[in-house]
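**Q** Sequence first, predicted coordinates after that:
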Amino acid sequence: MTIKKYDSHADWLADRRASTLLGATDAAAIMGEAFGRTAWDVWLDKRDPAGVKEVEPSVQMRLGLAAEPWALEWLARGDRIPSGWDIVPGPWAVEAGVLRASPDALLMDADGLHGLVEIKASAPWNRDKWAPDGTVCEGPLTDWPVYPCPPGYLWQTLTQAAAMYRDGGVVPAVYLVAVFIEPVAAGLVLDPDLPPVAVHEVRVIELRFDEGDILDWLMRLTIWRQRHIVEGVEPPRDGSDACRRWHLDPARFPRSEVREATADEAARIAAILDARAAEAASEAQRRPQEAELIALMGRAKTVRSPAGKATISASGRLTLTPAKES
């Protein structure tokens, strides 16, 4: 295991992009549980690091990064971490085997490294996706009654724990801190370039991963990296933008042939055209219903029902979330 400490986020980012090791967010993407990334994004990023496009972070993402120092200071003032352990902020990179993890802070004392802290900022209306404050999850994952957090964060923290796992059964302590914040007109200033926020709640969840789960996860990621990164085999095709970009690249697939469709191609053409026709009909029915709902909501920001909830953002965008996801 190699531990690196960086002087700046820019240095950390440059090193991360040059690495072909799998990070925590890569692992979540491979599982199909990352926000805006899939296994295809990981595959393309690792094949061609220089071709990774810069993505302008949203205000919410920037607020999440700005909340990390505040949350670590809050954590240090309390008694959630065992006495004597120091909370040492990053940027960090912990490299071991095929993994490269970057926890927000490491837990250390004179005897060495004991665990990690991961901070996640979330909107207050997502609180029902998180376990209550003080929850301790331990034992095999199959024994956990429910996910204590959104699934992508579980795979991220499991990957971080796997990177810090040491032979002999030394499983690192993992503290997942959820900070529920919302931009407001006047409130806590995390960054002078960002709007102030209201901190609605902070929850600390301890994840005591089972050694068997860590070893299984290490094997799965090692096999995936060997097959797809080292050997270069494409991941299973999906509907992601990254998958489409790869197969639509004219430099990689120059197209000039005109021919009759195969039976498989013809079936897919028909299925796509049928789906488009259904979408068009659905759109024609949906828009009047949305207009009625917006008018009925009046001054309400969010309304809930057994079927789901409807929310109108400050910018005027209507979002509907099914009950099983809300």
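**A** Arrived safely, thanks for sending. Everything numeric here is computed off the predicted structure, so don't read it as measured data.
**Q** how about the strands in this structure?
**A** 2-5, 86-89, 92-96, 99-101, 105-109, 112-122, 136-139, 173-188, 197-209, 302-305, 308-312, 318-322 (DSSP state E).
**Q** Format these as CSV; extra columns: mean neighbour count.
**A** C-betas here are computed from N, CA, C, even on glycine. Shown next, in CSV, are those (neighbours: other C-beta atoms under 10 Å):
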stretch, mean neighbour count
strand 2-5, 13
strand 86-89, 16
strand 92-96, 19
strand 99-101, 25
strand 105-109, 19
strand 112-122, 22
strand 136-139, 14
strand 173-188, 18
strand 197-209, 19
strand 302-305, 12
strand 308-312, 17
strand 318-322, 12
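**Q** Please convert those strands to JSON lines, extending it with distance to residue 66 and mean pLDDT.
**A** Output for the strands of the chain, formatted as JSON lines (distance: least, C-beta to C-beta, whole Å; pLDDT from 0 to 100):
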{"stretch": "strand 2-5", "distance to residue 66": "21", "mean pLDDT": "92"}
{"stretch": "strand 86-89", "distance to residue 66": "13", "mean pLDDT": "95"}
{"stretch": "strand 92-96", "distance to residue 66": "18", "mean pLDDT": "93"}
{"stretch": "strand 99-101", "distance to residue 66": "22", "mean pLDDT": "94"}
{"stretch": "strand 105-109", "distance to residue 66": "15", "mean pLDDT": "95"}
{"stretch": "strand 112-122", "distance to residue 66": "8", "mean pLDDT": "94"}
{"stretch": "strand 136-139", "distance to residue 66": "28", "mean pLDDT": "94"}
{"stretch": "strand 173-188", "distance to residue 66": "9", "mean pLDDT": "94"}
{"stretch": "strand 197-209", "distance to residue 66": "9", "mean pLDDT": "95"}
{"stretch": "strand 302-305", "distance to residue 66": "25", "mean pLDDT": "90"}
{"stretch": "strand 308-312", "distance to residue 66": "24", "mean pLDDT": "89"}
{"stretch": "strand 318-322", "distance to residue 66": "24", "mean pLDDT": "89"}
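**Q** will you turn the ones you listed into TSV that also has distance to residue 70?
**A** Shown next, in TSV, are the strands of the chain (distance: least, C-beta to C-beta, whole Å):
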stretch	distance to residue 70
strand 2-5	21
strand 86-89	11
strand 92-96	18
strand 99-101	22
strand 105-109	13
strand 112-122	9
strand 136-139	24
strand 173-188	8
strand 197-209	8
strand 302-305	26
strand 308-312	26
strand 318-322	27
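**Q** closest one to residue 165 among those?
**A** strand 92-96 (7.6 Å; C-beta to C-beta).
**Q** got the CA positions of that closest one in CSV?
**A** What follows is strand 92-96, C-alpha atoms only, in CSV (Å, rounded to 0.1, in the frame of the first residue of the first chain):
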residue,chain,number,x,y,z
TRP,A,92,-4.9,11.8,-0.5
ALA,A,93,-4.3,8.9,-2.8
VAL,A,94,-4.1,5.4,-1.3
GLU,A,95,-2.8,2.9,-3.9
ALA,A,96,-2.8,-0.8,-3.5
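**Q** Residue 263: which of the strands of the chain is closest?
**A** Distance to residue 263, taken as C-beta to C-beta, is lowest for strand 318-322 among the strands of the chain, at 36.1 Å.
**Q** Now do that closest one and strand 308-312, the angle between them.
**A** 160 degrees (axes from the mean of the first three to the mean of the last three C-alpha atoms, to 10 degrees).
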